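Engineer: Sharing a sequence plus its predicted fold:
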Amino acid sequence: MQKSYWERSWIELIGGLLAASFMLALAACGSGAGGAKSEGGSKPTVPVQIATVEQKDIPVQLHEFGTVEAYTTVSVRSQVVGQVAQVHFEEGQEVKKGDLLFTIDPRPFEAKVRQARATLVKDRAQAKNAKVQADRSTHLFSQGFVSKDEYDSAETQAASLEATVRADEAAVENAKLQLQYCYIRSPIDGRIGQVLSHEGNVVKINDTEMAVINQIRPVYVDFSAVEQQLGEIRRRQAADSLEVEVWVGGKKVATGQLVFIDNKVDSGTGTILLKGLFSNEDEALWPGQFVDVSLVLGIQRGAVLVPSQAVETGQNGKYVYVVGDQMKAELRPVSVGAEYEQQLVVTQGLKPGERVVTDGQVRLAPGIKMEVRESAPAKTAASAG
């Protein structure tokens, strides 16, 4: 049967469209994706960053969180009742032992000193007169001119007034001491906090906290270890002093020594308190600050290290991409241990000197050809781990 004009037109149109689509597909295959080709032109080259596997001695460390604690903390309080007359420091300033901090109104205490001295002068005069009377009575008694009762009374009066004088002398010393307490001085070197008792406030004996001084050179850093690690820590400390490192924001800021292991394990948490001592001359550590702590327990010799970003996790565990022959990717299973300064210790699967991919793994598969975009050294900026 002969096809109609419209049927032939539709068949020719559809055939033309199919032919045009086929030609476009061929052109796309011929031109590629615009990137570099590997051998045979079927697989593109993947740009990557690489690093060389290192081998070196590294410290064996225990990583914990810690808190900075002032070496000494003093709460400044008054030892007399009175009104604050003057504050002699600026909030937050560094003070030295003996620096004047507060003055309590001294006038009532100066008056008590004068009163005690006047009483002492009066009683001394009376005691002197009583001593003269007692000496005279003794002489007369020896000659039989006075009775035994008169003699005893004179001796008693002299002794009583002598005791009164000694009490008056103590009262004078106490009044002078109370006057000294009006001038409150720093008992230590340190940094003082905010003013808690301002001029005009009335303070009581050991009741009102007036300021707080923290000694921050040196300082302690408190941290904890689980009880299972206690034996190893004690064994290594008995052999040699243990170094403690403090990290803030991924940067090591101080190195000190382990100086304290608590005498009991916290039964609630199963941990034991440890303290490191730091000179803190640059005041990099501040009381109450949270820090990362590394307790150095020893040295691991000949550790194999790769940058931590080179290690990926798959269904079968950890792996890395190794640069193989002709720059082709080789997937290599690995076993890893501790982390040190943004590097991982590889316990199995790699050898020193091999090259691993640190960036670009997402586009890789075994056998894919690689192109080094930028070489990155294995050692990167230090971190707390």
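Structural biologist: Perfect, thanks for sending it. Residues are numbered from 1 along each chain as shown.
Engineer: Quick one: the helices in the protein, in order.
Structural biologist: Assigned by DSSP state H, the chain shows helices spanning 5-31, 107-143, 148-180, 230-239.
Engineer: what sits against the residue nearest to residue 261 when sequence neighbours are not counted?
Structural biologist: Nearest residue to residue 261 in three dimensions, chain neighbours excluded: residue 274, at 5.8 Å (Cβ to Cβ, 6 or more residues apart in numbering). Where you see a C-beta, it was placed from the backbone N, CA and C, and this is true even at glycine. Going by Cβ atoms under 8 Å, 6 or more residues apart in numbering, residue 274 touches 222, 223, 224, 225, 233, 258, 260, 261, 262, 295.
Engineer: For the residue most central in space within the chain, list each beta-bridge partner.
Structural biologist: In the chain, the residue lying closest to the centroid (Cα atoms, centre = their mean) is residue 68, at 3.4 Å. Per DSSP bridges, the residues bridged to residue 68 are residue 221.
Engineer: what about it, distance to residue 292?
Structural biologist: Residue 68 sits 12 Å away from residue 292, taking Cβ to Cβ, to the nearest Å as the criterion.
Engineer: How about residue 94?
Structural biologist: Residue 94 is 27 Å from residue 292, by Cβ to Cβ.
Engineer: Show me which of the two is the more surrounded one.
Structural biologist: Counted by other Cβ atoms under 10 Å, residue 94 and residue 292 do not tie: residue 292 has more neighbours, with 21 against 14.
Engineer: per-residue pLDDT, the more buried one?
Structural biologist: In this prediction, residue 292 carries a pLDDT score of 95.
Engineer: repeat for residue 164
Structural biologist: Here, the pLDDT recorded for residue 164 equals 94.
Engineer: just residue 346 next, same as before
Structural biologist: For residue 346, the model assigns a pLDDT of 94.
Engineer: count of residues packed around it?
Structural biologist: 26.
Engineer: how much space between it and residue 321?
Structural biologist: Residue 346 sits 14 Å away from residue 321, going by Cβ to Cβ.
Engineer: Ok, residue 76 next?
Structural biologist: As judged by Cβ to Cβ, residue 76 and residue 321 stand 63 Å apart.
Engineer: The two: who's more crowded?
Structural biologist: A direct count of neighbours by other Cβ under 10 Å for residue 76 and residue 321 places residue 321 higher, at 25 against 20.
Engineer: I'd say that one and residue 328 touch.
Structural biologist: No: applying Cβ atoms under 8 Å as the test, residue 321 and residue 328 come out as separate, 10.0 Å apart.
Engineer: quick revisit: which of the helices of the chain has the lowest average pLDDT?
Structural biologist: Mean pLDDT across those is lowest at helix 5-31; the value there is a mean of 51.
Engineer: Spatially, what comes nearest to residue 273 if we skip its sequence neighbours?
Structural biologist: Leaving aside its sequence neighbours, residue 273 sits nearest to residue 262 (Cβ to Cβ, 6+ apart; 4.0 Å).
Engineer: show me what contacts the one you found?
Structural biologist: Residues counted as contacts of residue 262 (Cβ under 8 Å, 6+ apart) are 272, 273, 274.
Engineer: So residue 138 sits against residue 151, correct?
Structural biologist: Yes: using Cβ under 8 Å, residue 138 makes contact with residue 151 at a distance of 6.8 Å.
Engineer: Which one's more surrounded, these two?
Structural biologist: Neighbours per residue (other Cβ under 10 Å) separate residue 138 from residue 151, with residue 151 holding more: 17 against 14.
Engineer: Excluding sequence neighbours, find me the nearest residue to residue 334.
Structural biologist: Spatial nearest neighbour of residue 334, chain neighbours left out: residue 349 (3.4 Å); criterion: Cβ to Cβ, 6+ apart.
Engineer: Wait, that neighbour touches residue 333, no?
Structural biologist: Yes: Residue 349 is within contact range of residue 333, at 5.8 Å (criterion: Cβ under 8 Å).
Engineer: More neighbours: those two, which one.
Structural biologist: Remark: of residue 349 and residue 333, residue 349 carries more neighbours, 18 against 12, as counted by other Cβ under 10 Å.
Engineer: ok, now which ones touch that one?
Structural biologist: Contacts of residue 349 by Cβ under 8 Å, 6+ apart are 320, 332, 333, 334, 335.
Engineer: so the last one touches residue 346, yeah?
Structural biologist: Yes: A contact is recorded between residue 335 and residue 346 when judged using Cβ under 8 Å, the distance being 7.1 Å.
Engineer: before we move on, back to that, from residue 242, how far off is the residue nearest to residue 273?
Structural biologist: Distance, residue 262 to residue 242, by Cβ to Cβ: 15 Å.
Engineer: repeat for residue 363
Structural biologist: Here the criterion is Cβ to Cβ. By it, residue 363 lies 46 Å from residue 242.
Engineer: Ok, residue 254 next?
Structural biologist: From residue 254 to residue 242 the distance is 15 Å (Cβ to Cβ).
Engineer: Kind regards, and thank you for your time.
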